[in-house]
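Enquirer: Give me a model of this one.
(chains A and B)
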There are 2 protein chains.
Amino acid sequence: MKAAMKQAGRQTGAFSEEERRGVYRAIYERRDVRSHFLPDEVSDDVLNRIMDAAHHAPSVGFMQPWDFILIREASVRRAVHCNFESASRRAAQSYQGEQRALYDSLKLAGILEAPVNICVTCDHYRAKGSGLGRQTDPAVALYSTVCAVQNLWLAARAESLGVGWVSILDMDELKTILGIPPALSIVAYLCIGNVSEFNSQPDLEAKGWETRSTLESVTHLDRWQGA
Amino acid sequence: MKAAMKQAGRQTGAFSEEERRGVYRAIYERRDVRSHFLPDEVSDDVLNRIMDAAHHAPSVGFMQPWDFILIREASVRRAVHCNFESASRRAAQSYQGEQRALYDSLKLAGILEAPVNICVTCDHYRAKGSGLGRQTDPAVALYSTVCAVQNLWLAARAESLGVGWVSILDMDELKTILGIPPALSIVAYLCIGNVSEFNSQPDLEAKGWETRSTLESVTHLDRWQGA
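Expert: Numbers count the residues shown, from 1 in each chain, chains lettered A, B, ... in the order given. As a prediction, this is how the structure comes out:
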């Protein structure tokens, strides 16, 4: 497979219909997975493939500002899970009544169930790229790092691996747990593993937390239209 | 194709080898395209497919904070191009000697050559999602929007469309040109079109601006390692 990918890396032609379908399937069938994780180990080969996919994300000035902390150790995941539980209790206080009951019923992280967690960081000060494209908007290093996350997520779906992005975490405390230098930003904390199934809809849509907007409602022609 | 995608949206199974290869090809063969744009029109069908792919990105709390301004009008693109040229002249002053000569030789945007531009914005205050997942890190709305950009970029590669992300722009001035409300953030300005070829390497690698780091150099086990 690795050889096949390197081979693929040299191709520059059109996609077959089935290859193109694979891309759209990954995009439409990717789910933010919180439940259904299986305890089976994820092989180093597969992890290497999805992380290499992340590492081939676009980056401003080719700066490649990301780092990946691959976490399997249960004690580390337990510490992160405690962090998540405290942050989620604090967040719950924003909601009242029915919405609070719905919040409390949501499964929002699979930190302990997923056998692998990956923390993705961004180094704003990385010398690579010599600042190209970063003068006008300092956030672009973060954006490059997010592109790496999305590459990993789509590659994982193609490998039938579930990925859940946990954002309900105290990021400063998470830096301490993982020993991340203070100047770096944590962009994503991902839970990764094999799954018993992929839901056909996002959890938050299925549970009635939110509905999907139409593409038309977020599309404008030539200039911003409407309020 | 639309029917095929909706069909795909209901599937939840494993990918065929060719579908999986399609995903990795999109990831490895995606390029940040500045040159090689062809003037041919891009059909509404294809644009709709890649924008719908963007609209199916993950978003925190299912908030879907993005908007897409689809720009074909030449006068608008000319105004954006002027903005880019001024910003690029200012950015050039950061570089001296050989690096400045190299900077000056780089083709950094295809705003006028690409028949379609898309500006992608983020609305931090969108009510959708009721703030879920946003209490701990306000940047997550931006991250969701970047995931939409990366979905669009990969779908475009599968459709043999080139995409270039221009970050060398005065974003406040760009908001004025496009009539974007001040409270929104511009996340990406994309140039999109058919291309005569996809380069086998990133331009900045081929031109010697920067080298690709190894995956090993950005991977850590269980905790941050090294300086």
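Enquirer: and the one helix or strand A:Ile186 maps to with chain B, contact?
Expert: Per DSSP states H and E, A:Ile186 falls inside strand A:185-194. Yes: against chain B, strand A:185-194 shows contacts by C-beta under 8 Å from any C-beta of the partner chain at A:Val187, A:Ala188. C-beta here means a position set from N, CA and C on the backbone, and glycine is covered the same way.
Enquirer: ok, now stretch A:26-39?
Expert: Yes: Stretch A:26-39 lies within reach of chain B by C-beta under 8 Å from any C-beta, at A:Ala26, A:Ile27, A:Tyr28, A:Glu29, A:Arg30, A:Asp32.
Enquirer: Number of residues surrounding the last one?
Expert: Which is A:Asp32. 22 (other C-beta atoms under 10 Å in any protein chain shown).
Enquirer: ok, back up a step: in its sheet, what does the strand holding A:Ile186 sit against?
Expert: strand A:116-122 (antiparallel), strand A:161-165 (antiparallel) (DSSP bridges).
Enquirer: Give me the distance between A:Glu173 and A:Ile186.
Expert: 10 Å (C-beta to C-beta, to the nearest Å).
Enquirer: rewinding a little: return the most buried member of the strands paired with strand A:185-194.
Expert: strand A:161-165 (a mean of 26; mean count of other C-beta atoms under 10 Å in any protein chain shown).
Enquirer: what's the spacing between it and its chain's center?
Expert: 7 Å (C-alpha atoms, centre = their mean, to the nearest Å).
Enquirer: now that strand: mean pLDDT?
Expert: Across strand A:161-165, the average pLDDT comes to 97.
Enquirer: which residues in chain A form helices?
Expert: A:2-10, A:17-29, A:44-55, A:74-92, A:97-105, A:140-158, A:171-178, A:203-206 (DSSP state H).
Enquirer: As CSV, these with mean neighbour count and mean pLDDT would be great.
Expert: Below are the helices of chain A laid out as CSV (neighbours: other C-beta atoms under 10 Å in any protein chain shown; pLDDT from 0 to 100):
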stretch, mean neighbour count, mean pLDDT
helix A:2-10, 12, 44
helix A:17-29, 24, 98
helix A:44-55, 20, 98
helix A:74-92, 16, 96
helix A:97-105, 12, 93
helix A:140-158, 26, 97
helix A:171-178, 17, 97
helix A:203-206, 17, 92
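Enquirer: Could you work out which of these reaches nearest to B:Asn48?
Expert: helix A:17-29 (12.6 Å; C-beta to C-beta).
Enquirer: and the closest one, what does it pack onto?
Expert: helix A:140-158, helix B:2-10, helix B:17-29, helix B:44-55, helix B:140-158 (3 or more C-beta pairs under 8 Å, 6 or more residues apart in numbering or on different chains; DSSP states H and E).
Enquirer: Please read off the pLDDT at the residue lying closest to A:Ile71 once chain neighbours are set aside from the model.
Expert: Nearest residue to A:Ile71 in three dimensions, chain neighbours excluded: A:Asn117, at 4.2 Å (C-beta to C-beta, 6 or more residues apart in numbering or on different chains). In this prediction, A:Asn117 carries a pLDDT score of 98.
Enquirer: follow-up on the earlier one: identify whichever of the helices and strands packed on helix A:17-29 lies nearest to A:Ala92.
Expert: Going by C-beta to C-beta, the one of these nearest A:Ala92 is helix B:140-158, 17.4 Å.
Enquirer: Check the offset of that closest one from the chain's centre.
Expert: Taking mean C-alpha positions (C-alpha atoms, centre = their mean), helix B:140-158 and its chain are 6 Å apart.
Enquirer: is that helix up against chain A anywhere?
Expert: Yes: legend: contact between helix B:140-158 and chain A by C-beta under 8 Å from any C-beta is shown at B:140, B:142-143, B:146-147, B:149-151, B:153-155, B:157-158.
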